[in-house]
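In: no FASTA, just this:
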């Protein structure tokens, strides 16, 4: 099966149908056509017949691994490079067994950042008429009857422009296709907020968290947030009030980040789904940078390396303690 | 009665309205369209709809209800019922305008909600016709006309020169007879109607309503359509007509505040009680959501709790599309 | 968790100190029995180990209006549970940096290693932390406006 050549979508569907028929799979997570522009839709197939809807287009943002929190059994799924890191994190956290999975790595040339494109053109994502990939790695955008070509840097998600693992790190089958070339590990350029004064930072983050509606989309879409009972739902005692006060919003987000530290792979889904545009990736990347600098740890890359809070060294930073 | 105004005078009129009360116009903040107080910002050249629906100005996510404070020998209390300070919201789309009226019977029932009603009372609504169809929307299927609305005090249609205004209420009329507008006729109003992109209707609302009862028992259908739901609250919180809330105290031993905040029937613990959670499974919650909005609410209030604005479709993190489900039920 | 500013009195900071039962709490006890003075601004919460201190406790303390937080445990290598303080050390530096990133002054949340024999060190640590917090002023970070409608 692993030697089967998969050249197109129908080959893939044939392979998966066979896996369903012989009981190797009970569910499959993939992508299907979306119903709004510039989005696909997750496909959850529980039978071979559901696979007919499988479709791979230019907008494969979803990190499907979050469904593994809910869908158990023998699950097959499509992963991009960044998604495979979430899988590794989940396996390390004991949330999923590798033997239960059938992992198909898919090529990713970098995902299109619709918001970035729209804001750079001074409009809203809803105003863009069409976005298609161009041959030179960029995109062609049609907006109010005008056609504009954008480069990779102008069109792709920041996380893709800084992607060091475009090819999935864990897979049973790897599909051929255009993969983004890896870039040396770096963060999203320099974070201007880090250079502000404490008062300015506080004002900035207060303004961000004041908007939080507490919809919990960020938490629910996060593969690293797998607690069956979230601390925010605890009311005896109540740690975080359901009322969206500034303080409780702060505590919710900072606590969530502390809880996923070491498992969060900066996939960016939390920021993408936030309905009020809170720049959550800034915090995730700050965390990732600190883990790398202080503990030489990169989440979701090495199945063997222990999680940063499950281990310690004698030489861990100590100067900040009196 | 109709009036008309040109662009320049319109801007002056907006500023003059500030003498009447707080003026809110659609404003882009943090890459989001919201209703914000008119300060220095320009009237938007091009905007579809606000991210957060207008219900937020009447029934906010964080509403203090009352507070208390213990002093030696006494307890002081304070109420947060809105004062009568007048507000004017300019730029309401027909869908959001309709939603305010839809919510009224919920808050004006046997237990009158003074917060919502006071806010409704003190706010003048100036609506604006649409020139585009919002992505994901299905307002026309929901019998909301993007070009006309009776749910405001004044309703505007944009023209190349400015606006034509239709008077709907007396207090609306009072604002227009102010020296900025000139009188206009029915033909001006008709001429300002925009050609909206045509599309075959996705479903017939009457048929959907009629079929919902029979769909209730179809467990497999609801399991299939709700499979990818995230259980977050985005569809609920961005919906102009959703109105479920939680009441929660924030307190110290000496003082406290009772707040009302949004709640969502999509949350797994929404119906959790001491012994049982009747809607522990996702498909039950989703079935309840659709049934409440399109069936039960109608039985209670003779209106469907959906205006087809499309926010739930457009902002659902996993592209769960209510239109597909309504079409299937049809 | 009552109001910090009291009518007619100058403000005194309230600092919550999480002390590990085996070292720091015993050290604080020694401070007392040695009749050493230290500011009364500190309120002590005994935990079995500094590793028990969840970042949530620290955030909740700040959220509740406490002006400062001190977490103190056994010196590295001396933890009664062998490695609790090592794990705590990792958590705390990450939390500290995160708080600084969002604009919180790191002097509000401080950490120390105080052994059961270091009664004088405990007094010194408390004096320093209270002085820092006093300089920073009352914690108005998460003030709820509805609490004091004027």
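Out: Okay, I see it. Since the model is a prediction, treat every value here as computed from it, not as a measurement.

In: flag every buried residue along stretch B:297-314.
Out: Neighbour-count burial for stretch B:297-314 flags B:297, B:303-314 (criterion: 16 or more other CB atoms under 10 Å in any protein chain shown). C-beta: built from backbone N, CA, C; applies to glycine.

In: tell me if that stretch is near chain A.
Out: Yes. Using CB under 8 Å from any CB of the partner chain, stretch B:297-314 comes into contact with chain A via B:313, B:314.

In: now do the SS call for the closest residue to residue B:188 other than its chain neighbours.
Out: With CB to CB, 6 or more residues apart in numbering or on different chains as the criterion, residue B:188 has its nearest non-adjacent residue at 5.0 Å, and that residue is residue B:164. Under DSSP: H, G, I helix; E, B strand; the rest coil, the three-state class of residue B:164 is strand.

In: can you list the domains in chain A?
Out: Segmentation of chain A into domains, based on automatic domain parsing, reads A:9-105, A:112-156.

In: quick check, the longest one touching chain B?
Out: Spelled out, it's domain A:9-105. Yes. Residues of domain A:9-105 contacting chain B under CB under 8 Å from any CB: A:34, A:35, A:36, A:37, A:39, A:40, A:41, A:42, A:44, A:46, A:62, A:67.

In: please apply the same query to stretch A:254-267.
Out: No. Applying CB under 8 Å from any CB, one finds stretch A:254-267 separated from chain B by no less than 13.0 Å.

In: which residues of chain C lie near chain A?
Out: Counting by CB under 8 Å from any CB, chain C sits next to chain A at C:55-56, C:59-60, C:63, C:76-77, C:83, C:86-87, C:89-106, C:110-113, C:125, C:128, C:141-142, C:144.

In: now, the buried residues of stretch B:297-314 that are in helices?
Out: Of these, the ones assigned to helices by DSSP state H are B:297, B:311, B:312, B:313, B:314.

In: which residues touch the residue in chain C that chain B sits nearest to?
Out: The nearest approach of chain C to chain B comes at residue C:146, 4.0 Å away (CB to the nearest CB). By CB atoms under 8 Å, 6 or more residues apart in numbering or on different chains, residue C:146 lies in contact with B:64, B:67, B:80, B:257, B:259.

In: re earlier: among the residues of chain C next to chain A, name the buried ones.
Out: C:55-56, C:59-60, C:63, C:76, C:86-87, C:89-105, C:110-113, C:125, C:141-142, C:144.

In: so where do the strands sit in the stretch 51-200 of chain B?
Out: Using DSSP state E, counting those that start in this stretch, the strands of the stretch 51-200 of chain B run over residues B:62-71, B:74-79, B:87-92, B:123-128, B:154-158, B:162-167, B:182-184.

In: in TSV: these, plus distance to residue B:208, mean neighbour count and mean pLDDT.
Out: Shown next, in TSV, are the strands of the stretch 51-200 of chain B (distance: least, CB to CB, whole Å; neighbours: other CB atoms under 10 Å in any protein chain shown; pLDDT from 0 to 100):
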stretch	distance to residue B:208	mean neighbour count	mean pLDDT
strand B:62-71	33	17	93
strand B:74-79	42	10	91
strand B:87-92	26	23	96
strand B:123-128	26	24	96
strand B:154-158	28	23	95
strand B:162-167	31	23	94
strand B:182-184	39	14	90
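
In: okay, those strands in JSON lines with distance to residue B:231 next?
Out: Below are the strands of the stretch 51-200 of chain B laid out as JSON lines (distance: least, CB to CB, whole Å):
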{"stretch": "strand B:62-71", "distance to residue B:231": "22"}
{"stretch": "strand B:74-79", "distance to residue B:231": "35"}
{"stretch": "strand B:87-92", "distance to residue B:231": "31"}
{"stretch": "strand B:123-128", "distance to residue B:231": "34"}
{"stretch": "strand B:154-158", "distance to residue B:231": "38"}
{"stretch": "strand B:162-167", "distance to residue B:231": "43"}
{"stretch": "strand B:182-184", "distance to residue B:231": "50"}
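
In: thinking again about what came up before, so what's the backbone phi/psi at the residue of chain C closest to chain B?
Out: In terms of degrees, to the nearest 10, the main-chain angles of residue C:146 are phi -70, psi -10.

In: for it, which non-adjacent residue is closest in space?
Out: Using CB to CB, 6+ apart and skipping residues adjacent in sequence, the residue nearest residue C:146 is residue B:64, 4.0 Å away.

In: residue contacts, that neighbour?
Out: Per CB under 8 Å, 6+ apart, neighbours of residue B:64: B:80, B:257, B:258, B:259, C:146.

In: the residue nearest the centre of chain A and residue A:80, how far apart?
Out: Central residue of chain A (CA atoms, centre = their mean): residue A:267, 2.8 Å from the mean position. Residue A:267 is 9 Å from residue A:80, where distance means CB to CB, to the nearest Å.

In: mutual contacts of these two, please.
Out: Joint contacts of residue A:267 and residue A:80 (CB under 8 Å, 6+ apart) are residue A:63.

In: any idea which of the domains of chain A gets closest to residue C:48?
Out: domain A:9-105 (25.1 Å; CB to CB).

In: what helix or strand is residue C:111 on?
Out: strand C:109-113 (DSSP states H and E).

In: ok, now which ones touch residue C:38?
Out: Neighbours of residue C:38 in contact, by CB under 8 Å, 6+ apart: C:31, C:122, C:123, C:126, C:127.

In: sorry, that was for residue A:19
Out: A:1, A:25, A:28, A:76, A:102.

In: any chance of TSV for the residues you listed, columns neighbour count, distance to chain C and secondary structure?
Out: Below are the contacts of residue A:19 laid out as TSV (neighbours: other CB atoms under 10 Å in any protein chain shown; distance: CB to the nearest CB, whole Å; DSSP: H, G, I helix; E, B strand; the rest coil):
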residue	neighbour count	distance to chain C	secondary structure
A:1	11	43	coil
A:25	25	39	coil
A:28	27	37	strand
A:76	24	35	strand
A:102	19	35	strand
